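Q: need coordinates for the following:
(chains A and B)
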Amino acid sequence: MIRLALLDDHPAVLVGLQRVVEQEPDIAVVGAAPTAAELARQLGDRRPDVLVVDHDVARSDGLAQCRRIKDRPHPPGVIIYSAFDKRTLELPARVAHADAVVDKAEPVSALLAAIRGVARGETMLPSVPRGTYDAAAARLDGEDLPIFAMLLGGETLPAIADALRAETDEIAWRAQRIIGRLRPGAAIRPHERELEPAGGRVPDLPLR
Amino acid sequence: MLARLSSLPLFWQVFGTNALVLVLAFLGLVFGPVTVSVPPHATELVVLVAGLLVMLAINLVLLRRAFMPLDQLADTMRRHDPLSPGRRVRVEGGPVVAALAQTFNEMLDRLEFERRESARRALLVQEGERGRIARELHDEVGQTLTGVMLQVEGLSGAIPEHLRPQLDELRETARQGTEDVRRIARQLRPEALEDLGLQSALAALATAFGEQAHVRVDRHLEPPRLPLSEEQELVIYRVAQEAMTNVARHAQADTVELRLERAADDVVLTVRDDGRGLPSAASRSSHGIRGMRERAMLIGAGFEIKPSPGRGTEVKLTIPVDAA
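A: Numbering: from 1, shown residues only, chains lettered A, B, ... in the order given. Presented below is the predicted three-dimensional model:
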């Protein structure tokens, strides 16, 4: 039985998610709330296997939540559930160590498949194309680049703090700042600087 | 002497001309072999009339010369087109006319500046409103529809088999609703522009347009050599969007070409279609086209819309990029 927790501040979506999951014999909802505090209260001591967290820039920052949750010991699998275009979310989701990103416009089967996959321990994020990586790196401060690279490599915060001889808190703060810069709707716009890779032309963010 | 005459102020030119004519008449009467009896003889009258005609002719010619620069200036002022900013009248002619031309040019400067400012303000307000509406659509309505879709899905286990098809329809309707909301929100606020940059945003625009209008879109999107400002990128995007919307609505085209490229110190956006071509001159100043012109003016870009070689229409936006 997969223990599922839901975090979404839009009432219609929260109810809808619960109704959908009710029908699935192998998934049980152990907590469903519009805020993290409320969810923690509902869960009490129980630990969910998978958490579906809403990400909407204006109202709820699921990416930041994910980052925080993943820094705790024995975190659940986290699925970012968002109405935003997946393409702009995949990279910051990786930095936040999310396990999957599901678009709210996709059919429900996609979300259920993600829940089951993540419960099995799979990470369902596509790999990052070089162009996307380069364009994102262009948005970050130079000193954040090593942290960015290590986060993408799956390193935990304590491990990164060790490697860079810094405090874990500072690394956590930096990680949040990196996510802040990379997520859709971030205030800083990318300036497509001319990075000339071996191929010659400036890499553009590929739209698949 | 005539050359020196035309560098005097207008008043003195006119006065000088008249004075010259009167002096000539005076001299002619005093020193000329002219006597006027009382009553005048026929021959005397003929000579006097001839003299008068000569004086009038000289007056006419000299005055015409004096006033010509003023007439030319008035003519140029009349022909000035407020929608093509940047053109100024030539500052020449005597001091009065030159001063007038200069003042006219300064007035045009002020008017164009004021116009640009108020257009900028209006466009900012418009973009702000669009952003707000897009966000609310996306966050409120879009999410509600997602919720509906999920709740419908949640019913599917509980309802009898023969009702399943209706439920599927219902879910599909809700899903269509979420897609529509997204599409509209994206048209209002091109999030791709903020997150992925101009080229990607234009590519996405081209793709979306091609799908909706069932038109082939050939795209050629080069990266600009220097980064463009937010304002410039937004104008380029909006002009491309408006141009393609016009093609979808009026042109009945098969192919649309979208190009963003560098040409010397400029960045040039071209939207060319192979459709019906431009309608009559009256609808050339339609809202959409005026809007494009205003936005172009805002960033000091050149804007042209004209028939493209062959058939169809070409919209061209030329953005001067200051070399840093």
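Q: could you say which helix or strand holds B:P224?
A: For B:P224, there is no helix or strand it lies in under DSSP states H and E.
Q: so which strand or helix has the residue nearest to it when sequence neighbours are not counted?
A: Closest residue to B:P224 apart from its sequence neighbours, by C-beta to C-beta, 6 or more residues apart in numbering or on different chains: B:V267 at 5.1 Å. Quick note: C-beta positions are derived from backbone N, CA and C, even for glycine. Take DSSP H and E as the rule and B:V267 turns out to sit in strand B:266-273.
Q: now do that strand: which elements does it pack against?
A: Where contact means 3 or more C-beta pairs under 8 Å, 6 or more residues apart in numbering or on different chains; DSSP states H and E, strand B:266-273 is packed against helix B:230-246, strand B:255-263, strand B:313-320.
Q: got a list of what the residue nearest to B:P224 touches?
A: By C-beta atoms under 8 Å, 6 or more residues apart in numbering or on different chains, the residues touching B:V267 are B:224, B:228, B:232, B:236, B:260-261, B:318-319, B:321.
Q: redo that, cut-off 10 Å
A: B:198, B:222, B:224-226, B:228, B:232, B:236, B:260-261, B:301, B:317-321 (C-beta atoms under 10 Å, 6 or more residues apart in numbering or on different chains).
Q: and the strand holding B:V267, what's buried?
A: By neighbour count with 16 or more other C-beta atoms under 10 Å in any protein chain shown, strand B:266-273 contains the buried residues B:267-273.
Q: quick one: name the residues of the stretch 1-150 of chain B near chain A.
A: With C-beta under 10 Å from any C-beta of the partner chain as the criterion, the stretch 1-150 of chain B meets chain A at residues B:135-136, B:138-140, B:142-150.
Q: of those, just the buried ones, PyMOL syntax please.
A: The PyMOL command for the buried members of the residues of the stretch 1-150 of chain B next to chain A (criterion: 16+ other C-beta under 10 Å) is given here:
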select buried, chain B and resi 135+138+139+142+143+144+145+146+147+148+149+150
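Q: for burial, what's the neighbour tally of B:V61?
A: When neighbours are defined as other C-beta atoms under 10 Å in any protein chain shown, B:V61 has 11 of them.
Q: leaving out chain neighbours, which residue sits closest to A:M124?
A: Using C-beta to C-beta, 6+ apart, the nearest residue to A:M124 is A:A100, at 4.1 Å.
Q: right, and the one you found touches A:I80 too?
A: Yes - using C-beta atoms under 10 Å, A:A100 makes contact with A:I80 at a distance of 7.2 Å.
Q: quick check, nearest of the buried residues of strand B:266-273 to chain A?
A: Of all the buried residues of strand B:266-273, chain A sits closest to B:V267, with 12.6 Å by C-beta to the nearest C-beta.
Q: just the pLDDT for that closest one.
A: Per-residue pLDDT puts B:V267 at 90.
Q: for B:G302, see how far away it is.
A: For B:V267, the distance to B:G302 equals 11 Å [C-beta to C-beta, to the nearest Å].
Q: one step back: the residues of the stretch 1-150 of chain B next to chain A into TSV, with extra columns for secondary structure?
A: Output for those, formatted as TSV (DSSP: H, G, I helix; E, B strand; the rest coil):
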residue	secondary structure
B:R135	helix
B:E136	helix
B:H138	helix
B:D139	helix
B:E140	helix
B:G142	helix
B:Q143	helix
B:T144	helix
B:L145	helix
B:T146	helix
B:G147	helix
B:V148	helix
B:M149	helix
B:L150	helix
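Q: biggest separation within the residues of the stretch 1-150 of chain B next to chain A, which pair?
A: Across these, the longest distance by C-beta to C-beta is 21.6 Å; it joins B:R135 and B:L150.
Q: would you mark the buried spots in stretch A:44-63?
A: A:48-57, A:59-63.
Q: what do you get for stretch B:122-142?
A: In terms of neighbour count (16+ other C-beta under 10 Å), stretch B:122-142 has its buried residues at B:123, B:131, B:134-135, B:137-139, B:141-142.
Q: just the helices in chain A please.
A: Listed in chain order, the helices of chain A (DSSP state H) span A:11-22, A:36-43, A:62-70, A:86-95, A:108-119, A:130-139, A:145-152, A:157-164, A:168-182.
Q: least confident of the ones you listed, on average?
A: Ranked by mean pLDDT, the helices of chain A end with helix A:130-139 at the bottom, a mean of 79.
Q: and that helix with chain B, contact?
A: Yes - judged by C-beta under 10 Å from any C-beta, helix A:130-139 and chain B are in contact via A:131-132, A:135, A:138.
Q: quick one: list the elements packing against that helix.
A: helix A:86-95, helix A:145-152, helix A:168-182 (3 or more C-beta pairs under 10 Å, 6 or more residues apart in numbering or on different chains; DSSP states H and E).
Q: got the buried residues for that helix?
A: Neighbour-count burial for helix A:130-139, counted by 16+ other C-beta under 10 Å, picks out A:131-136, A:139.
Q: reformat the residues you listed as CSV; add distance to B:R65.
A: Putting these into CSV (distance: C-beta to C-beta, whole Å) gives the following:
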residue, distance to B:R65
A:G131, 70
A:T132, 72
A:Y133, 75
A:D134, 70
A:A135, 68
A:A136, 72
A:R139, 68
